[in-house]
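**Student:** pasting a predicted model and its sequence here:
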Amino acid sequence: MGTVFSFDVRGPEAGTPRSRAALEAAVTSLHRADEVFSAYRSDSQLSRLVRGDLGLADCDPEVREVLALCDNAERLTDGWFSARYAGPLDPTGLVKGWAVERAARMMASAGADAVCLNGGGDIQLLGGPWRVGIAHPLRPGELATVVEAASGELAIATSGPAERGCHILDPRTGMPPESALASITVVSRSLTDADTWATAAFAMGDRARDWLERLPGAEAFAVTADGATWQTTGFGS
């Protein structure tokens with residue numbers, strides 16, 4: 001997926017044959033997601049589906065699952081997240097979060113007390129405790145805030161141009177959004193959700209705060225283009 005993944009697995013099961021087997025299976029699932037959904041590989045199922053060389057019914061069940069999740073995200077965000085915004089079908093804005101969450105849950109199901117799986121800065125936490133620093137988009141080497149998780153399930157996704165340049169497009173214009181945000185971090189239980197919501201929120205710009213306040217199960221922290229910050233009512237509580 002063109003980025004770095006890291007696992008932090010804790011508990012008595014860590015290092016056991018069962019845990020090592022689960023780790024190998026989780027890593028294999030991440031590579032498989034790339035093989036199936038890569039928009040840069042001509043032999044991926046996504047590329048073949050877009051070209052018409054492969055029918056949706058002939059794709060792996062995961063393809064139909066991801067496309068259904070994309071359709072749901074598009075409805076929930078009123079079109080600010082879209083897998084069909086500009087030309088060919090491209091669900092990769094959702095795939096990384098979905099793949100990371102799935103791999104983390106594989107580790108937890110093998111008996112790990114706590115799992116932190118970081119995929120290019122998008123993080124799924126299971127168990128705890130954890131403290132996660134959010135990089136400041138305008139001050140390299142500094143943190144903008146810290147997210148703490150005592151236990152349970154927590155996902156953290158950040159969108160913005162600081163690391164990869166402008167890679168988010170306004171689905172209504174197909175152009176980079178004229179966003180008032182330098183970055184926005186969304187926190188929820190599921191990284192599949194947090195990743196898509198952060199992408200949509202960055203594209204929304206000024207509209208994002210009110211939308212996120214109304215969105216059940218989500219909180220957010222934002223750094224604006226002028227260096228100011230804001231957060232939703234329940235962020236950090």
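**Tutor:** Sure thing, it's come through.

**Student:** how about the helices in the protein?
**Tutor:** Listed in chain order, the helices of the chain (DSSP state H) span residues 17-37, 45-51, 61-76, 92-109, 191-204, 208-214.

**Student:** now, of the ones you listed, which is deepest in the fold?
**Tutor:** Of all the helices of the chain, helix 191-204 has the most neighbours on average by mean count of other C-beta atoms under 10 Å, namely a mean of 28. Bear in mind the C-beta positions are built from the backbone N, C-alpha and C, glycine included.

**Student:** low-confidence ranges in the chain?
**Tutor:** For the chain, applying pLDDT under 70 flags the ranges 86, 162-167.

**Student:** nearest to residue 154, of the helices of the chain?
**Tutor:** Using C-beta to C-beta as the criterion, the shortest distance between residue 154 and the helices of the chain is 9.0 Å, found for helix 191-204.

**Student:** relative orientation of the closest one and helix 61-76 in degrees?
**Tutor:** On the basis of axes from the mean of the first three to the mean of the last three C-alpha atoms, to 10 degrees, helix 191-204 is oriented at 40 degrees to helix 61-76.

**Student:** by how many degrees do helix 191-204 and helix 92-109 diverge?
**Tutor:** 150 degrees.

**Student:** who does helix 191-204 touch, helix- and strand-wise?
**Tutor:** In terms of contact count using 3 or more C-beta pairs under 8 Å, 6 or more residues apart in numbering; DSSP states H and E, helix 191-204 is assigned the packing partners helix 61-76, helix 92-109, strand 122-126, strand 153-159, strand 181-188, helix 208-214, strand 219-224.

**Student:** I'd say residue 203 and residue 175 touch.
**Tutor:** No. Residue 203 sits out of contact with residue 175 when judged by C-beta atoms under 8 Å, with a separation of 10.6 Å.

**Student:** so what sits against both of these two?
**Tutor:** The overlap between the contact sets of residue 203 and residue 175 (C-beta atoms under 8 Å, 6 or more residues apart in numbering) consists of residue 169.

**Student:** which parts of stretch 109-124 are buried?
**Tutor:** For stretch 109-124, the buried set under the neighbour-count rule, 16 or more other C-beta atoms under 10 Å, comprises 110, 112, 114-124.

**Student:** would you turn those into JSON lines with distance to residue 132?
**Tutor:** Putting the buried residues of stretch 109-124 into JSON lines (distance: C-beta to C-beta, whole Å) gives the following:
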{"residue": "110", "distance to residue 132": "23"}
{"residue": "112", "distance to residue 132": "18"}
{"residue": "114", "distance to residue 132": "13"}
{"residue": "115", "distance to residue 132": "13"}
{"residue": "116", "distance to residue 132": "8"}
{"residue": "117", "distance to residue 132": "12"}
{"residue": "118", "distance to residue 132": "9"}
{"residue": "119", "distance to residue 132": "13"}
{"residue": "120", "distance to residue 132": "14"}
{"residue": "121", "distance to residue 132": "10"}
{"residue": "122", "distance to residue 132": "11"}
{"residue": "123", "distance to residue 132": "6"}
{"residue": "124", "distance to residue 132": "11"}
